[in-house]
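S.K.: sequence and predicted structure below; questions after.
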Amino acid sequence: MVKAILRNYRQSPRKVRLVADLVRGKKVDRALTVLDFLTKKASEPVRNVIKLAVANARHNFHLDPDKLFIKEIRVDDGVTLMRRMPRARGSAYPIRKRTSHIEVLLATPERPKLEVKTREVEGDEAEEKHEVRA
């Protein structure tokens, strides 16, 4: 698995998760195409993190980018910047400026391994063992 992280992106995690949900589980080239035509502000940093993960896979692990898919994409809360908005009679209301951490895990599809089971056959072929694929 190949990982890339963007920390403290200055947009609410709730808004970024909308974009992340669209590309989760897709192949990398398909996900980048979806993000190219998406009209959300969060599509650009998500696209950049996916490209960064592909570059890590190519450079560090010598993996073929055409075979990669997005195994996991996670958007977590980052640091929340607290600000104040002046209100009536000298009071102040809190303003929360939220940030996000975007983490992408890429993987290659794994083929399921077939188990080889042996069984004994009754009758004339009792000494022979036959292989059965599960």
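M.R.: Happy to help now that I have it. Residues are numbered from 1 along each chain as shown.
S.K.: which helix is the longest one in the chain?
M.R.: If you go by DSSP state H, the chain has its longest helix at helix 43-60.
S.K.: could you give the angle of whatever helix or strand comes next after it to helix 43-60?
M.R.: Counting by DSSP states H and E, the next helix or strand C-terminal to helix 43-60 is strand 69-77. With axes from the mean of the first three to the mean of the last three Cα atoms, to 10 degrees as the basis, strand 69-77 and helix 43-60 are set at 130 degrees to each other.
S.K.: next secondary structure after strand 69-77?
M.R.: Downstream of strand 69-77 (by DSSP H and E), the next one is strand 81-86.
S.K.: run the chain-centre distance for that next one.
M.R.: 33 Å (Cα atoms, centre = their mean, to the nearest Å).
S.K.: and for stretch 26-43?
M.R.: So, by Cα atoms, centre = their mean, the centroid of stretch 26-43 is 13 Å from its chain's centroid.
S.K.: not counting sequence-adjacent ones, nearest residue to Arg7?
M.R.: His101 (5.1 Å; Cβ to Cβ, 6 or more residues apart in numbering). For the C-beta atoms, the positions are set from N, CA and C on the backbone; glycine is no exception.
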